[in-house]
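Participant: What would the 3D arrangement of this be:
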Amino acid sequence: MDTISRENNSYLPVAAVIIGVLALVLSGVALAKISSAKKEISAQVEPLGLRIDEAVAQAGNATAAADRASGSINKLAGDTQAAFTQVATELGNIRGEITKVQEAKVAPKAPGAKSTGPVVAGPDEYIIKSGDTFAKIARAQGASLADVQAVNPGVDAGKLKVGQKIKLPAKK
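Facilitator: Below is the predicted model of the structure:
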């Protein structure tokens, strides 16, 4: 005899049916939730796509602006370099002109230096000859010794050299 099937009053098949029904109900609820989530995602994707397109357009505009700014900076750097080059050239020209002026400037002759040409006396000047003294020059010019010394303060009367120019006092 079959004792297992008759004597076993198990609720196992009933529990399995209840679990199966619960699984079907839960899967239906899950499908409904997935469907509503899909609709909500679809609703969010469209505005998000527009925002992404706007962001891409703004990035393109920013790139173009950066390229223009870079070009402007490069042009400014070139113009600045050209200006510095021009200034350097002008400074070189000025330096050359200063050098020419300095070379053309007549340097005072050292004592005892031989002149390259004859010494010529201008008005109110006298050229020292051999044996001249301030006293002889003053008598010859009709001036006083003090007046001759006064108009030649940097000249040592004891060290007069032949060919040296001195000033004469104005005649009264």
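Participant: all contacts plus neighbour counts: C-alpha atoms, from now on.
Facilitator: OK.
Participant: now stretch 49-59: mean pLDDT?
Facilitator: Stretch 49-59 shows an average pLDDT of 83 in the prediction.
Participant: Could you chop this structure up by domain?
Facilitator: 3-81, 109-172 (automatic domain parsing).
Participant: Helix or strand next in line after the helix or strand bottoming out on mean pLDDT in the chain, which one?
Facilitator: Lowest on mean pLDDT, DSSP states H and E among the helices and strands of the chain sits helix 3-7, with a mean of 55. Toward the C-terminus, helix 3-7 is succeeded by helix 12-104 as the next helix or strand (DSSP states H and E).
Participant: where's residue 162, which helix or strand?
Facilitator: Residue 162 belongs to no helix or strand, assigned by DSSP H and E.
Participant: Okay, now the unreliable bits of the chain?
Facilitator: Across the chain, the ranges flagged by pLDDT under 70 are 1-9, 106-122, 172.
Participant: which residues does the most centrally placed residue in it contact?
Facilitator: Centroid check for the chain by Cα atoms, centre = their mean gives residue 80 as the closest residue, at 8.5 Å. Contacts for residue 80 (Cα atoms under 8 Å, 6 or more residues apart in numbering) come out as none.
Participant: and with 10 Å instead?
Facilitator: The neighbours of residue 80, taking Cα atoms under 10 Å, 6 or more residues apart in numbering as the test, are 74, 86.
Participant: mind checking how far it is from residue 73?
Facilitator: 10 Å (Cα to Cα, to the nearest Å).
Participant: Ok, residue 86 next?
Facilitator: 20 Å.
Participant: Equivalent analysis for residue 64, please.
Facilitator: Taken as Cα to Cα, the span from residue 64 to residue 73 is 14 Å.
Participant: how deep is the residue nearest to residue 158 when sequence neighbours are not counted tucked in, by neighbour count?
Facilitator: Using Cα to Cα, 6 or more residues apart in numbering and skipping residues adjacent in sequence, the residue nearest residue 158 is residue 133, 7.9 Å away. By other Cα atoms under 10 Å, the residues close to residue 133 number 15.
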